[in-house]
Every structure is written in C-alpha cells, then in structure tokens.
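A.B. asks: have a look; sequence and predicted model below, questions after that.
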Amino acid sequence: MERVTNPRLPLLGPPNRRVVFAALALAVGATLSACTSGAPASSSAAAAGSGDSAPAAAVTPGGDGAGTAAIVPKASALHWSACTGSLAGAQCSSLPVPLNYADPDGRKITIALSMIPATAPVAKQQGVLLVNPGGPGAPGRSLAAAAAAGLSPQVAATYDIVGFDPRGVGGSVPALSCDPGFLNGVQPNDIPANAAAEQVLIGRAKAYAADCEQRDGWLLPYLTTVNTARDLDQIRAAFGVQKISYYAFSYGTYLGQVYGTLFPGRVRRMVLDSTVDPTGAWYEDNIEQDYAFQGRMNAFFAWTAKYDSAYHLGTTQAQVEAAYYKVRAELAKTPITGQNGPLVGPDELDNTFVIGGYLTTVWPAFAQALSQYVVGGSGSGLADQYQEWGTTPANEFAVYNAVECADVNWPRNWAKWQSDTERVYKTAPFEAWDNAWFNAACAFWPFKGPAEPFKVDGAGLPPILMLQGTLDPATPYAGAQNAHRLLPSARMVVVEGGGDHGQSLETPPNACVQNYLNAYLATGAVPGRAGLVNATCPAPADPTPGD
C-alpha cells in the first residue's frame, strides 16, 4: 500500500512506495510560526511554543500513570556513539533482536538506531519518543533529527528522540535486496497494450517473487508489521523504561496501531499523522488509494490550467490531462535519454508525477518540466524531476513487498487483480495499473500470510492524537476514520482540504497543526470535542508558479 518512499524522508501509500519523506526533510531547520487566531493550544502553550492561551476545547488528561523513573532512561543497555555521514549530529547504536519471536533464543538480526538526546533537566524530561516516517521499507534514522528540528525546541528538549531502520531496512542487518537491478533502466509500460504485454509484466512479478525467495527466503516470513512492533518493544526494554511515546507517519501509523494493540500498557503518548486503514490491509487499501490519487492528479491538472499563462498546457483540467497523456504516449515510443541511455519512459513519468499527490509544493516544478517538454521540446526538466523524485531504492522496494506480502494473504488468482484493475482504470486511470504492478509480486509470493489483516484494538490506550488531511491520497480520509473508530481514546485534528500526505513538520509549517502537536507532546492535551472530527485546521494555500 504505501509504496516505498523517495530517499529523503517519507510516508505511506500505494505510492507509498516513495512516501514523501521529502516533505519532512525539507522541514529540517524550518522556523515554526506562532499560532494564528483560532489555532490550537493547551494550558502549556508557553512550553509548547504557542503564544496563545488554551482554547476551551482543549482537554489535558490526568497523569499517565508513569512517573519519571518509569519513562526516563537511567539504566539503558544501549551503547551510543557519534553518527557519521548523513546522520552526523545524532548518536547511533544498534540492537540485536530475535528473528523469530516464537524462538527468542534463536537467530538474531540487528536494528539500527539513531538518537537526538533530551537536553532538558532530568526532572522535566519525558522519556523516549520513537519516530517512524512510513514505508514499509523506509529507513527512519534521519527522522530523529528532522523531528527534533521541526518540533518546538522546548518540547523537543524533553524527549530522547529515537529513529530506527526497521528490520530488513537500510542500516539494519541484514538489509533485504531481492533483485538489485529490477528497477534499473526504463521499465515496461505499466498500462498493458494487449494480453502479450500483460504477460510480460506478470512474468516480471513472478520472477521478482522467485528472486526474493532464492536470495533471502529464510528472512521473508519474519518481515511482518507484527514482528516490527515487537522490535519496538525490544527497543523500549533496551532503554530500561516501562513506557515509550511514539510519533509516526503513513505506514508508521499502522505499525503504531499494531504496537498499541499488542502492548497497550507500554504506550505513554502516540501521534498518528496520516493514518492507514487497518481493515483494508493491504489489497483493498491499495484500491482505495487509486481513487484518491486520481483526485489529487485532477487537482494538479486543474491547478496547471489555472496558470496557463505560465505553462501553456491548456486552460482546462481536461486539456492539461490530455497534454500529460500525450507526453506519456510519446515517451512510450521514444524515452528521454540520460548519460547512460534511456532514462524516462511512461512508467518513470508516472512514478515522478505521483509525488504531486503526496506533496503540492512540487506542482510548480512538475508543471514547468511538462511545459518544457510540450512547448519547448526539451526533456531535461522531466529527467531532472525523475532523478529527484521518481526513483525507488532497491532495498525499499524489496522490504515494501516483503512486509505487505507477509502481513496478510493477497489474492492468488490473477484474474481478480485484472478484473479489479480494469474496473478502477475506468474512472481512476492514473494509479490503477501502476499500483497493481507495484504490488503484483504478492500474487506470487513464496508463502501465504494470515487470511485476515491484523485486528487492531485500541482498548486500554491513553489519549492519542491523530492528524489527517481530508484529501490525502495515500491514506484516504475515510480509511483514517475507520482507524479512528478502532481507537476510542484517539482525537483527530482534521485539516480541511488538506491534500498533502503528512500534516505536521511541513514547510512552510501549518501553525495550527504544529500547535496541536506541540501541546500534546508537552502535556498530553487533546481536543475535547466529541465525535470523529475533534478539531479542525485550515489547509495551506496551494503554491503559485515560481514557488
């Protein structure tokens, strides 16, 4: 579902494949604005960096039942050293965990960790805040620094903010890689022109599943969300604390729901930004994403038409959409070339522009690149945008497939995939086939997962803060509300008209969202309004040409 993320920072999706962790990366170092009139705050507004007094709707729960001794690490079993390279400035460590939790004394694998330590006096510290950017398959160690920079300094100082590469990912050992060259070069057109073309794509999916079994078959059965949730509890235990807090995006929200179901008494606070529908994992979730992404692409086409004077691609949504698909058809015949040969074909074009569903800030650059090709006859802009946004690292793609295929059994009859995709394609063509092929290996995976998705049960959890845009395509609003119903202690801040995937740590920051986030992490305060919409925030304005 959430496809892997772009190698920046992330979120979820079917296209979750490249979860726009980029949105978070851009947030590093961003200055948070003061709360505007009507934006949320809490009784600890000063501590949260808000300048406003608490609105009547804000509710601060009672104590969390855990004193400082229960949440602040004092006898950690982890050994930390200075990180290097892109993680410089943080501390790094690793933790061995059981490959198979049914055999805890058996083979071990290693989870790579990062940390931005708390700097507040010990008496004011609030313990460990585990953060996760999404995926499945996204490396998460860089999110610790991004979160520390994006939160109010006063709030960030009270937490040991800990990022981690989940099992099989990035710096964790082993790192899964089924077929490192599978995504190299221009890929076959993912909208099959005929039965023969479809058979080629089916053959690729079968071969990828077989390669995964051949290279790392021993690991595949254990790359599940449930096992990753148990890894989180191993991290908690290694810190020597009774409870942890958790802050996650996209697929990470599903991981949080699973962790909270398995270990409700070990959760202190939990923030779920852009929440996965656990009832649809994963086949149905992907289909719902297809429809939602079509809505966001339609919004992009309409936005581009609004600025026809800048882009000259048409004055209506339909005209811009026609221009896009004309470019797509031309690239199917003659891909854009790079230094090493063909670089951007129709699949690469789709894989780039799907990021416009995750992140509206890329719209001007995408429209300009499309205009350069249509009006100016140059493919350099599309090539640049593809290299910036459209590629998927082999490890992320491998773990994405491994986790989703292992979490639950997928339909094994390709006729069902074909029928469902053809139905979706009639009204939501942009992602229908692309999303199907991105997940198609699950139809041929070497073993079957459980017959039903993991049953999320939020009973016994403390107050949870959910952040959700109504137009989010990767984790659609209706599905997030399905999760809300299963989490009775959750309170949702709804960003009305918000189409980005991820509502917090954005650039520019949404001050309303940030103040709810900071207030909650400072004191546990959640909105007091009853129902499924517990508070609202306005969506940021769409960009303009030149942004």
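C.D. replies: Thanks, I have the structure now.
A.B. asks: would Ser274 count as being in a helix?
C.D. replies: No: membership of Ser274 in a helix is not supported by DSSP: H, G, I helix; E, B strand; the rest coil, which gives strand.
A.B. asks: so who does it touch?
C.D. replies: When contacts are counted by CB atoms under 8 Å, 6 or more residues apart in numbering, Ser274 touches 11-12, 249-250, 253, 467-469, 472, 474-475, 480, 501-503. Heads up, the C-betas are built off the backbone N, CA and C, glycines and all.
A.B. asks: quick check: closest non-adjacent residue to it.
C.D. replies: The shortest distance from Ser274 to any non-neighbouring residue, by CB to CB, 6 or more residues apart in numbering, is to Thr475 (4.6 Å).
A.B. asks: neighbours of the one you found, how many?
C.D. replies: Applying the criterion other CB atoms under 10 Å, we find 34 residues in the vicinity of Thr475.
A.B. asks: same check on Tyr246?
C.D. replies: Close neighbours of Tyr246, defined as other CB under 10 Å, add up to 26.
A.B. asks: cool, the one 4 residues further on as well?
C.D. replies: Residues within reach of Ser250, counting by other CB under 10 Å, total 35.
A.B. asks: looking at it, it is touching Val276, isn't it?
C.D. replies: Yes: distance between Ser250 and Val276: 6.8 Å, which falls inside the contact criterion (CB atoms under 8 Å).
A.B. asks: mind checking which of the contacts of Ser274 are in helices?
C.D. replies: Those of the contacts of Ser274 mapping onto helices are 253, 480, per DSSP state H.
A.B. asks: most neighbours among the contacts of Ser274, which one is it?
C.D. replies: Phe249 (41 neighbours).
A.B. asks: roughly how far does Met270 sit from Leu129?
C.D. replies: When distances are taken as CB to CB, to the nearest Å, Met270 and Leu129 turn out to be 10 Å apart.
A.B. asks: between these two, which contacts overlap?
C.D. replies: 245-247.
A.B. asks: export those residues as CSV, with columns for distance to Ala70 and pLDDT.
C.D. replies: Conversion of these to CSV gives the following (distance: CB to CB, whole Å; pLDDT from 0 to 100):
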residue, distance to Ala70, pLDDT
Ser245, 12, 98
Tyr246, 16, 98
Tyr247, 19, 98
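A.B. asks: could you dump those residues into CSV and include distance to Leu220 and secondary structure?
C.D. replies: Rendered in CSV, the data for the shared contacts of Met270 and Leu129 read as follows (distance: CB to CB, whole Å; DSSP: H, G, I helix; E, B strand; the rest coil):
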residue, distance to Leu220, secondary structure
Ser245, 31, strand
Tyr246, 26, strand
Tyr247, 29, strand
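A.B. asks: nearest to Asn184, of those residues?
C.D. replies: Within the set of the shared contacts of Met270 and Leu129, Tyr247 lies nearest Asn184; the separation is 35.0 Å, counting by CB to CB.
A.B. asks: could you find the closest non-adjacent residue to that closest one?
C.D. replies: Skipping the residues right next to it in sequence, Tyr247 comes nearest to Val271 by CB to CB, 6+ apart, at 4.2 Å.
A.B. asks: cool, Val186 as well?
C.D. replies: Distance criterion CB to CB, 6+ apart; nearest residue to Val186, sequence neighbours excluded, is Gly345 at 3.9 Å.
A.B. asks: and Gln368, by the same measure?
C.D. replies: Take Gln368 and drop its neighbours on the chain: the residue closest to it by CB to CB, 6+ apart is Gly381, 6.3 Å away.
A.B. asks: let's verify the one you found: helix, strand, or coil?
C.D. replies: State at Gly381, reduced to three classes by three-state DSSP: helix.
A.B. asks: before we move on, back to that, what separates the residue nearest to Ser274 from Tyr246, distance-wise?
C.D. replies: For Thr475, the distance to Tyr246 (CB to CB) stands at 17 Å.
A.B. asks: do Trp433 as well
C.D. replies: Using CB to CB, one obtains 35 Å as the distance from Trp433 to Tyr246.
A.B. asks: do I have it right that the residue nearest to Gln368 meets Gln372?
C.D. replies: Yes: taking CB under 8 Å as the definition, Gly381 is a contact partner of Gln372 at 4.2 Å.
A.B. asks: show me the strands in the stretch 151-300 of the chain, by range?
C.D. replies: For the stretch 151-300 of the chain, applying DSSP state E, counting those that start in this stretch gives strands covering 160-165, 244-250, 267-275.
A.B. asks: buried deepest among those strands, which one?
C.D. replies: Greatest average neighbour count among the strands of the stretch 151-300 of the chain goes to strand 244-250 (a mean of 30), per mean count of other CB atoms under 10 Å.
A.B. asks: so Pro543 sits against Trp363, correct?
C.D. replies: Yes: in terms of CB under 8 Å, Pro543 counts as a neighbour of Trp363; the distance is 5.6 Å.
A.B. asks: which one's more surrounded, these two?
C.D. replies: Set side by side, Pro543 and Trp363 give different neighbour counts by other CB under 10 Å, the larger being at Trp363 (22 against 16).
A.B. asks: how far is the helix or strand that contains that one from where the chain is centred?
C.D. replies: Element membership for Trp363 (DSSP states H and E) is helix 363-374. Its chain's average C-alpha position is 25 Å from that of helix 363-374, according to CA atoms, centre = their mean, to the nearest Å.
A.B. asks: by contact count, what packs against that helix?
C.D. replies: helix 283-306, helix 308-311, helix 317-333, helix 355-358, helix 380-385 (3 or more CB pairs under 8 Å, 6 or more residues apart in numbering; DSSP states H and E).
A.B. asks: tabulate those (JSON lines), appending mean neighbour count and distance to Tyr516.
C.D. replies: Compiled in JSON lines, those are given as follows (neighbours: other CB atoms under 10 Å; distance: least, CB to CB, whole Å):
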{"stretch": "helix 283-306", "mean neighbour count": "22", "distance to Tyr516": "24"}
{"stretch": "helix 308-311", "mean neighbour count": "16", "distance to Tyr516": "35"}
{"stretch": "helix 317-333", "mean neighbour count": "17", "distance to Tyr516": "33"}
{"stretch": "helix 355-358", "mean neighbour count": "28", "distance to Tyr516": "22"}
{"stretch": "helix 380-385", "mean neighbour count": "19", "distance to Tyr516": "33"}
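A.B. asks: which of those sits closest to Gln214?
C.D. replies: helix 283-306 (25.1 Å).
A.B. asks: now the angle from that closest one to helix 363-374?
C.D. replies: 70 degrees (axes from the mean of the first three to the mean of the last three CA atoms, to 10 degrees).
A.B. asks: could you dump helix 283-306 to PDB, C-alpha only?
C.D. replies: Output for helix 283-306, consisting of C-alpha atoms alone and laid out as PDB, is shown next (Å, rounded to 0.1, in the frame of the first residue of the first chain):
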ATOM      1  CA  TYR A 283      -5.200  -5.200  -1.200                       C
ATOM      2  CA  GLU A 284      -8.300  -3.000  -0.500                       C
ATOM      3  CA  ASP A 285      -6.200  -0.100   0.800                       C
ATOM      4  CA  ASN A 286      -4.300   0.000  -2.500                       C
ATOM      5  CA  ILE A 287      -7.600   0.200  -4.500                       C
ATOM      6  CA  GLU A 288      -8.900   3.000  -2.300                       C
ATOM      7  CA  GLN A 289      -5.600   4.800  -2.900                       C
ATOM      8  CA  ASP A 290      -6.100   4.600  -6.700                       C
ATOM      9  CA  TYR A 291      -9.300   6.600  -6.500                       C
ATOM     10  CA  ALA A 292      -7.800   9.100  -4.000                       C
ATOM     11  CA  PHE A 293      -4.700   9.700  -6.200                       C
ATOM     12  CA  GLN A 294      -6.900  10.300  -9.200                       C
ATOM     13  CA  GLY A 295      -8.500  13.100  -7.200                       C
ATOM     14  CA  ARG A 296      -5.100  14.700  -6.500                       C
ATOM     15  CA  MET A 297      -3.900  14.400 -10.100                       C
ATOM     16  CA  ASN A 298      -7.100  16.000 -11.200                       C
ATOM     17  CA  ALA A 299      -6.400  18.800  -8.800                       C
ATOM     18  CA  PHE A 300      -2.900  19.200 -10.200                       C
ATOM     19  CA  PHE A 301      -4.200  19.300 -13.800                       C
ATOM     20  CA  ALA A 302      -6.800  22.000 -12.700                       C
ATOM     21  CA  TRP A 303      -4.100  24.000 -10.900                       C
ATOM     22  CA  THR A 304      -1.900  23.900 -14.000                       C
ATOM     23  CA  ALA A 305      -4.800  25.000 -16.200                       C
ATOM     24  CA  LYS A 306      -5.400  27.900 -13.800                       C
END
